[in-house]
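Chemist: Need the 3D shape of this:
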Amino acid sequence: MNKPTNIVPPKEDAGKEKSASLFERASGAFGLDALVPAAVPSELEGEQAKKFAPKRKSKPASKPVAETPKRRASDWIGEPAQSVDVAAPTVIAPVEPETPAVTFTGRKHEVVRSLLRENGLIDPDGGASTLLEEFRIVKRQVLSAAKAEGSPQARRVLVCSPHPNEGKTFCALNLAIALAGERDLEVLLVDADFGKPSIMGKLGLDAGKGFMDVLANPAAHIEDFVVGTDIPGLWVLPAGQRTGRDSEYLASERTWSVLNRLTRGAPNRIIVFDSPPTLAATPAAELAKHVGQALLVARADMSSRAALEDAIDLLSACPDIKLVLNDATFSPSGRKFGSYYGYGE
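Modeler: Numbering: from 1, shown residues only. Just a heads-up that it's a prediction; the model follows:
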């Protein structure tokens, strides 16, 4: 084992032993002053400066800015040609006119209230009821969707069902009467079930020329065939004479022009179509191309899921399809509208 050895500092540094640091005393004992770093020049010269110079980052080349096209205004007689700046064209969205393109001014006909009650329809003079409360919920959904979309097509509503006897006409009539109860709202109920029209008969009104006659005659004006009712805000358009080419007329440009005139400039007008059953006749699929909303009526314990899926597929041209459950006697949530007013108890 090596024994510890006391390092004796030189005599000339004896007086500084107490004040010198450990590194200074070691340097004096072992001669470490020669171990110093080599001197580094502040600047390199010649080829060394080029070799070790840092590389500069190249700046991306700026893209040439396209100049604004100029038009030579040399068409002025007696004036020298000048350069005129041409601004980019501004796209202006189409704005609906402030006044309706079509107004209804026909004579008002009396709707037989007893027929409404016999057919289980809403009596506009009967006050609140369970049926009215149910269709108030439906109409709120319709009005909300029409307002959110904000287009004339969204104000056209198609009511249909997969098969006959599922309640489409019942729902179309009740929806139209419920909508007519809104303040400052005009409702046009169109009987588009050309094979078996029934709207006019259920209201106690005489059926005459109507929708199909307007489509078949390019010179006819649809406002001349609209029938007024004594229910405030409710107007009716009969189905018209049957032609056997209902789908072909509905698929023509004439239908677009007629329906566009009905909704153009009339933000407070809702059009409700009662169409034939979707899986029984083709007009429903054609009408779906002209409306913004469709109510597909399903009857409880009658309409099958496969039929509903096929009907939805045929109505796929409509952007918004809603399902309405009709003739339901059971509510899982226990919901029972109308009892608050004394009805349905």
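Chemist: Which parts of the stretch 201-345 of the chain are strands?
Modeler: Ranges of strands in the stretch 201-345 of the chain, per DSSP state E, counting those that start in this stretch, are 227-229, 234-237, 269-274, 293-299, 321-326.
Chemist: Where does pLDDT dip in this structure?
Modeler: Within the chain, the segments meeting pLDDT under 70 span 1-23, 26-96, 330-345.
Chemist: so which of the strands of the stretch 201-345 of the chain gets nearest Asn217?
Modeler: strand 234-237 (14.6 Å; C-beta to C-beta). Where you see a C-beta, it was placed from the backbone N, CA and C, and this is true even at glycine.
Chemist: List the contacts of the closest one.
Modeler: Here strand 234-237 makes contact (C-beta atoms under 8 Å, 6 or more residues apart in numbering) with 104, 106, 111, 176-177, 180, 186-191, 199-200, 203, 205, 210-211, 222, 225-229.
Chemist: Give me the sheet partners of that strand and which way each runs.
Modeler: Using DSSP bridges, strand 234-237 pairs in its sheet with strand 186-191 (parallel), strand 227-229 (antiparallel).
Chemist: Buried residues, the last one. List them.
Modeler: Buried positions in strand 227-229, judged by neighbour count with 16 or more other C-beta atoms under 10 Å: Val227, Thr229.
Chemist: buried set for stretch 307-322?
Modeler: Buried, per 16+ other C-beta under 10 Å, within stretch 307-322: Ala307, Leu308, Ala311, Ile312, Leu314, Leu315, Cys318, Asp320, Ile321.
Chemist: same question, stretch 169-179
Modeler: Neighbour-count burial for stretch 169-179, with 16+ other C-beta under 10 Å as criterion, is recorded at Thr169, Phe170, Cys171, Ala172, Leu173, Asn174, Leu175, Ala176, Ile177, Ala178, Leu179.
Chemist: tell me what the helix or strand harbouring the second one is packed against?
Modeler: Think Phe170. With elements taken from DSSP states H and E, the one containing Phe170 is helix 168-180. For helix 168-180, the elements it packs on are helix 130-149, strand 156-160, strand 186-191, helix 199-203, strand 234-237, strand 269-274, strand 293-299, strand 321-326, judged by 3 or more C-beta pairs under 8 Å, 6 or more residues apart in numbering; DSSP states H and E.
Chemist: Packed most tightly, which of the ones you listed would that be?
Modeler: strand 156-160 (a mean of 28; mean count of other C-beta atoms under 10 Å).
Chemist: residue boundaries of the helices in the stretch 201-345 of the chain?
Modeler: With DSSP state H, counting those that start in this stretch applied, the stretch 201-345 of the chain shows helices at 211-216, 246-250, 253-263, 283-287, 305-314, listed in chain order.
Chemist: Provide a list of residues in contact with Arg136.
Modeler: By C-beta under 8 Å, 6+ apart, the contact list for Arg136 reads Ala178.
Chemist: residues of stretch 201-221 that come out buried?
Modeler: Lys202, Leu203, Leu205, Ala207, Gly210, Phe211, Met212, Asp213, Val214, Leu215, Ala220.
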